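Engineer: using only what follows, build the 3D model:
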Amino acid sequence: MNPLIALALQLVPDVAKAFAGDRAGQVAASVGTAVAEAAGTSDAQAAQIALAQDPAKLADLRIKLAQIAADAETARRANDLDELKAQIADTESARATFAELAKAGNAVGFAPVVISVIVTVGFFVMLIWLLVREPTLTTDSAVLQLINITIGALTAAFATVVNFWLGSSHGSRIKDQISATLQAQATSGGSQRIAAALAGHSAKIDTAVQAFRNPPPPPAAPAAPPPAPSAPAAPAHAPAPTQPPTPSDADARFDACVTIVLQMEGGYVDDPADPGGATNMGITLNTLRDWRHDPSLGPADVKALGVEEAKAIYKANYWDVMQCDGLPAGVDLSVFDFGVNAGPSRSVKLLESLVGTTQDGIMGPQTRAATAAQNAPDLIRRFADGRLSYYRSLSTWDHFGAGWTNRTNTIEKDALAMAGAG
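Structural biologist: Numbers count the residues shown, from 1 in each chain. So this is what the prediction gives:
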């Protein structure tokens, strides 16, 4: 299944009903296109992040998907109506043909009457015989099969006779009912179906938005690491609460943090021991390909990467994903830099382990509130200790250990300065 379709089914499960029938391919293409256009990417993972970061895009996509489901249902009902009209037309045509033959005195014109009488009499004779005869048991399979065939044929023929003589009026009534229903739905029902679909799934979408915050692979992540280390014990004294930054200084806080991160990442490198490959300012080739939606990019494009574009990538893929603008000064830098180096999910999990919230790797309101209640300088120091413990558990510690230690110590120092404890 197209990953974009799976993403759409998480948003509006009713879309799954539209995949039934001969329009499944067309509906699948429409759904995939809608998700790709709303998210601005055909990559499922990138689409999850883009939708999670932009509630307006998510709301528009939900409406489009509900409309696709409604249109598919309308098309299905219209197809059913066309089939019913064709059946009624066949019956009316046959009746009209035989009526003309009867008026002309042609013996063929009386064939429906004769056949109808024979079938009707035969059906009721067989029915009465089955009801009044003395029951006998037989194990002869040939006899049983013959009886079943006879009864089945008479039953089907009797139903055809009834439909021939009475089915037109009944079918016309059904046709009128279906036609009226479709017309009403075409004029006013579409919006109601969309509203009902959105209301029915609003709670599920809120949960799905949190799921979309699963981070992408880090740009220069080391080899597959073990679980996050246990957090050092919190201090016994009650910490002084630290308020997170206000929206007015959020942009300035990001600029200050990303400038430090870019200094830590350095320029263009292509270390064979680094699984990220060609990297510039910490942005790997794969990350740049996903960002520009161009798989043909090569190391030369990474080398030519500009600072402003690198900042935009860091903000979209790391800062916003980890909601660093809701963290206290200094703590935001610690979480941001570790997320860039080892992955957003791992960084958030370390913070969650230190503040005592569920370690799911998703920055939620509980984690932000628990972080704000901590003593920021103390939390920054404990975060740096946990970060180094994680690095020491990696098999690549011997090769990168010195650099990781220097980076962690530098970030800790800068973060403490931001928190006013430097």
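
Engineer: contacts and neighbour counts: CA atoms only from here.
Structural biologist: OK.

Engineer: quick one: the helices in the stretch 251-400 of the chain?
Structural biologist: Applying DSSP state H, counting those that start in this stretch to the stretch 251-400 of the chain gives helices spanning 285-292, 299-303, 307-314, 331-342, 344-355, 365-372, 376-392, 397-418.

Engineer: how about residues contacting the last one?
Structural biologist: To tie it back to what came earlier, the one meant is helix 397-418. Contact partners of helix 397-418, identified using Cα atoms under 8 Å, 6 or more residues apart in numbering, comprise 264, 329-331, 333-334, 337, 377, 380-381, 384, 387-388, 391-392, 422.

Engineer: buried ones among the residues you listed?
Structural biologist: 264, 329-331, 333-334, 337, 377, 380-381, 384, 387-388, 391-392 (16 or more other Cα atoms under 10 Å).

Engineer: now stretch 259-274: how far from the chain's centre is it?
Structural biologist: Distance, stretch centre to chain centre, for stretch 259-274: 34 Å (Cα atoms, centre = their mean, to the nearest Å).

Engineer: restricting to C-alpha, output that stretch in PDB.
Structural biologist: Extracted in PDB, the C-alpha atoms of stretch 259-274 (Å, rounded to 0.1, in the frame of the first residue of the first chain):
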ATOM      1  CA  THR A 259      24.200  29.700  15.400                       C
ATOM      2  CA  ILE A 260      25.900  27.600  18.100                       C
ATOM      3  CA  VAL A 261      24.700  24.300  16.600                       C
ATOM      4  CA  LEU A 262      26.100  25.400  13.200                       C
ATOM      5  CA  GLN A 263      29.500  26.200  14.800                       C
ATOM      6  CA  MET A 264      29.500  22.700  16.400                       C
ATOM      7  CA  GLU A 265      28.600  21.000  13.100                       C
ATOM      8  CA  GLY A 266      31.300  22.800  11.100                       C
ATOM      9  CA  GLY A 267      31.600  22.800   7.400                       C
ATOM     10  CA  TYR A 268      31.700  20.200   4.600                       C
ATOM     11  CA  VAL A 269      33.100  16.800   5.600                       C
ATOM     12  CA  ASP A 270      32.800  13.300   4.100                       C
ATOM     13  CA  ASP A 271      34.200  11.000   6.800                       C
ATOM     14  CA  PRO A 272      34.000   7.300   5.700                       C
ATOM     15  CA  ALA A 273      33.500   6.300   9.400                       C
ATOM     16  CA  ASP A 274      30.400   8.600   9.600                       C
END
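
Engineer: what residues of that stretch count as buried?
Structural biologist: Going by 16+ other Cα under 10 Å, stretch 259-274 has these buried residues: Ile260, Val261, Leu262, Met264, Glu265, Tyr268, Val269, Asp274.
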